[in-house]
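>>> got a predicted structure plus its sequence, pasted below:
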Amino acid sequence: NAGVTQTPKFQVLKTGQSMTLQCAQDMNHEYMSWYRQDPGMGLRLIHYSVGAGITDQGEVPNGYNVSRSTTEDFPLRLLSAAPSQTSVYFCASSYDGNSPLHFGNGTRLTVT
Amino acid sequence: ELKVEQNPLFLSMQEGKNYTIYCNYSTTSDRLYWYRQDPGKSLESLFVLLSNGAVKQEGRLMASLDTKARLSTLHITAAVHDLSATYFCAVDRANYGNNRLAFGKGNQVVVIP
């Protein structure tokens, strides 16, 4: 049972480039979400999804897009990378609204 | 806007002693979560507290929730080195469940011999 799988683990982008962070879960969880973690800031919610075909914005959605075409996958797209998007990105899923989140291992992104 | 404050942000603990770390939040919520993060690693769930007065215990860790005071505590009994980590609390922002969690900045705990 793999849980929540994120790829890549590390990525370096130049300002203006675009890319997609991948997230897949094999637990049949309906809820999936993306967080970014910056030093001394805790985790901040970027986007989330309550099921296939449904997405919504979190606290810091600007510069990011998401889609949820299947229950398993929830990719995060950076449209035009900026240095302010340098961060560690975590994908998380949960069975329902009360269950604890299962986190992926994170993607460390650097934008130069 | 929901604010979640954890204190102390950094705590050096002596092995064998007891300590408490705190999580305060600013608006009504009936759900609070504690997570642990080891350096450079992901987060793992420790406790889910779903009602006023809830108390959960696992090994040397005990978490409690007082929704009237908007306060959760994480008590560490007889600290050991393996408990060195950053502990995050997360509060359900507006009864939306996991999709609207607000995280605190974390309590970084270092246990020294």
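Received, thanks.

>>> my guess is B:Ser42 contacts A:Gly106. True?
Yes - between B:Ser42 and A:Gly106 there is a contact at 5.8 Å, judged by CB atoms under 8 Å. C-betas here are computed from N, CA, C, even on glycine.

>>> can you list residues touching both of these two?
A:Phe90 (CB atoms under 8 Å, 6 or more residues apart in numbering or on different chains).

>>> who has more neighbours, these two?
Of the pair B:Ser42 and A:Gly106, A:Gly106 is the one with more neighbours under other CB atoms under 10 Å in any protein chain shown, namely 23 against 20.

>>> gap between that one and chain B?
6 Å (CB to the nearest CB, to the nearest Å).

>>> ok, B:Phe47 - contacts?
B:Tyr33, B:Trp34, B:Lys56, B:Glu58, B:Leu61, B:Ala63.

>>> of these, which belong to strands?
Using DSSP state E, B:Tyr33, B:Trp34, B:Lys56, B:Glu58, B:Leu61, B:Ala63 are the members of the contacts of B:Phe47 that sit in strands.

>>> confidence score at the fourth one?
In this case it means B:Glu58. Looking at B:Glu58, its pLDDT is 96.

>>> swap in the first one?
In the prediction, the pLDDT value recorded for B:Tyr33 is 94.

>>> what about it, how many neighbours?
Neighbours of B:Tyr33 (other CB under 10 Å): 26.

>>> low pLDDT regions in the chain?
Reading this off chain A. Within chain A, the ranges that satisfy pLDDT under 70 run A:1, A:97.

>>> let's do chain B instead
B:94-99.

>>> chain A contacts on that one?
With CB under 8 Å from any CB of the partner chain as the criterion, chain B meets chain A at residues B:4, B:31, B:33, B:35, B:41-45, B:48, B:50, B:88, B:90, B:96-101, B:103-106.

>>> strands - which of these land there?
B:Val4, B:Tyr33, B:Tyr35, B:Leu43, B:Glu44, B:Ser45, B:Val48, B:Phe88, B:Ala90, B:Leu101, B:Phe103.

>>> just list the residues touching the fourth one, thanks.
B:Leu43 makes contact with A:Leu43, A:Phe90, A:Ala92, A:Leu101, A:Phe103, B:Tyr35, B:Arg36, B:Gln37, B:Phe88, according to CB under 8 Å, 6+ apart.

>>> what subset of the ones in strands among the residues of chain B next to chain A is buried?
Buried members of those, counted by 16 or more other CB atoms under 10 Å in any protein chain shown: B:Val4, B:Tyr33, B:Tyr35, B:Leu43, B:Ser45, B:Val48, B:Phe88, B:Ala90, B:Leu101, B:Phe103.

>>> may I ask which two of the residues you listed are separated the most?
B:Val4 and B:Ser45 (16.6 Å; CB to CB).

>>> so the most centrally placed residue in chain A, which state does it fall into?
Geometric centre of chain A, nearest residue: A:Trp34, 3.1 Å, by CA atoms, centre = their mean. Under DSSP: H, G, I helix; E, B strand; the rest coil, A:Trp34 falls in the strand class.
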